[in-house]
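1. could you look at this predicted model? Sequence included:
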Amino acid sequence: MTNREQLIQELEQAPDDLVQTMLDFLHRVKAVRQKHPLAKFAGILSDSEAEELQRAVAAECRQVDLNDW
């Protein structure tokens, strides 16, 4: 079952007030993604590219040399 199918199944069983809350949330997220200056970069990396980038950041960017100051 895809995420979309699972979400639809959950929404079909949810009470109306929860469905309205989810719909409001979805509209807010869509509006922010359309206006945010970094939104055009969302989803451009594959999973493997994103993992490689995370590993590089963890290995190289989070190092603190206490004697450097």
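-> Everything's here; your move.

2. contacts for the helix of greatest length in the chain, please.
-> Ranked by residue count and defined by DSSP state H, the top helix of the chain is helix 16-35. Outside helix 16-35, the residues within contact range by Cβ atoms under 8 Å, 6 or more residues apart in numbering are 11, 14, 39, 42. Every C-beta, even on glycine, is put in place using the N, C-alpha and C of the backbone.

3. so what's the residue count around the closest residue to the last one other than its chain neighbours?
-> Computed as Cβ to Cβ, 6 or more residues apart in numbering, the closest residue to residue 42 that is not its neighbour in sequence is residue 33, at 6.7 Å. For residue 33, the neighbour count with other Cβ atoms under 10 Å is 12.

4. just to revisit the earlier point, tell me which of the contacts of helix 16-35 fall in helices.
-> Counting by DSSP H, the part of the contacts of helix 16-35 found in helices is residue 11.

5. okay, who's weakest in the contacts of helix 16-35 by pLDDT?
-> Lowest pLDDT of these: residue 39, 76.

6. got a list of what that one touches?
-> With Cβ under 8 Å, 6+ apart, residue 39 has these contacts: 32-33.

7. same thing but 6 Å
-> residue 33 (Cβ atoms under 6 Å, 6 or more residues apart in numbering).

8. okay, the helix or strand where residue 55 lies in PDB with CA atoms only?
-> Assigned by DSSP states H and E, residue 55 falls within helix 47-60. The C-alpha coordinates for helix 47-60 follow below in PDB (Å, rounded to 0.1, in the frame of the first residue of the first chain):
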ATOM      1  CA  ASP A  47      17.800   9.100  -1.100                       C
ATOM      2  CA  SER A  48      21.400   7.900  -1.700                       C
ATOM      3  CA  GLU A  49      22.600  11.500  -2.500                       C
ATOM      4  CA  ALA A  50      20.900  12.800   0.600                       C
ATOM      5  CA  GLU A  51      22.500  10.100   2.800                       C
ATOM      6  CA  GLU A  52      25.900  10.800   1.300                       C
ATOM      7  CA  LEU A  53      25.500  14.500   2.000                       C
ATOM      8  CA  GLN A  54      24.400  13.800   5.600                       C
ATOM      9  CA  ARG A  55      27.500  11.600   6.100                       C
ATOM     10  CA  ALA A  56      29.800  14.300   4.800                       C
ATOM     11  CA  VAL A  57      28.200  17.000   7.000                       C
ATOM     12  CA  ALA A  58      28.500  14.700  10.100                       C
ATOM     13  CA  ALA A  59      32.100  13.800   9.300                       C
ATOM     14  CA  GLU A  60      33.400  17.300   8.200                       C
END
